[in-house]
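>>> Pasted the sequence and its predicted model underneath.
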Amino acid sequence: MLREEERVKAVLDRLEELYPEAKTALNFSTPFQLLVAVVLSARSTDKQVNEVTRDLFAKYPGPAEMAALSPEEMAAAIKKVGLNKAKGKYLVELARKIVEEYGGEVPASWEELLRLPGVGRKTAGVVLSNAFQLPAFPVDTHVFRVSRRLGLASGTTPEAVEKELEKAVPPELWGVTHHRLIYHGRQVCRARKPLCESCRLADLCPRKGVSSDIKEKNRGHTKSKNRRR
Ligand code: SF4
């Protein structure tokens, strides 16, 4: 039987074997563009976001150009993503604050990023890790679910899971492990139907909460079907 640290190390090695090149699927060329793309990605797929940002960044590449838009103009420019009115308002406020308070440069610290409109821990962590190569372990819905099932964390909030992952995983692997857990969550350890039978991590995985996760999802699904009726 493997000791817990050995099991965690084996999980991380296996994730590396499975997803050696894992990285963000969002397209960007500057920290500001990544920040915008991550704000747009709430309740939208990376594919939808990339379609929208292709035109958006061509017309308005930086904070100065976006700060000159009205929230309505921004909402119209991003209308193909969900929640475009709320996101349009945040993005214009975000661009104006970056121009006025940070000279047009995205700040590279947790404290300052978290003060920006529409920016929570996950968004700040993604920007710090992917745009500035600073150690951060952003916890999105996939990271939260997969890390708990794999027994890497047991917390019931993203913040608690983030703290546990930061203890369990060496700092130099935080960013890439975040992406590897997302890949695994999308391809294999899916929310409603995890493919445990064919999962390459099955021999190392305690499958914590898998049946209750599925029951919970199914209950939510039945409730929303009933609401639609
Ligand atoms: S064995 Fe099942 S629960 Fe564990 S990581 Fe694989 S798919 Fe997820």
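Yep, that arrived. Numbers count the residues shown, from 1 in each chain.
>>> tell me the domain ranges of this structure?
The chain resolves into domains spanning 4-21+138-223, 31-131 when parsed by automatic domain parsing.
>>> got the residues of this structure near the ligand?
Residues of the chain found near the ligand (C-beta under 6 Å from any ligand atom) are 149-150, 188-189, 194-196, 199, 201-202, 205, 207, 210. For the C-beta atoms, the positions are set from N, CA and C on the backbone; glycine is no exception.
>>> Narrow these to those that are buried.
The neighbour-count test (16 or more other C-beta atoms under 10 Å) marks 149-150, 188-189, 194, 199, 201, 205, 207, 210 as buried among those.
>>> Now do Pro206: how many residues are near it, please.
Other residues within reach of Pro206, judged by other C-beta atoms under 10 Å, total 10.
>>> Pick out the shakiest of the domains of the chain, pLDDT-wise.
If you rank these by mean pLDDT, domain 4-21+138-223 sits at the bottom with a mean of 92.
>>> what's the residue positioned nearest the centre of the chain in contact with, if anything?
Relative to the mean C-alpha position of the chain, the nearest C-alpha, by C-alpha atoms, centre = their mean, is the one of Asp140, at 4.4 Å. Residues in contact with Asp140, defined by C-beta atoms under 8 Å, 6 or more residues apart in numbering, are 122, 158, 182.
>>> what's the answer for Ser70, then?
For Ser70, the set of contacting residues under the criterion of C-beta under 8 Å, 6+ apart consists of Val92.
>>> now the helices for this protein?
Per DSSP state H, the chain has helices spanning 4-18, 31-40, 46-59, 63-67, 71-77, 84-102, 110-113, 121-131, 141-149, 158-168, 174-187, 210-228. These are given in chain order.
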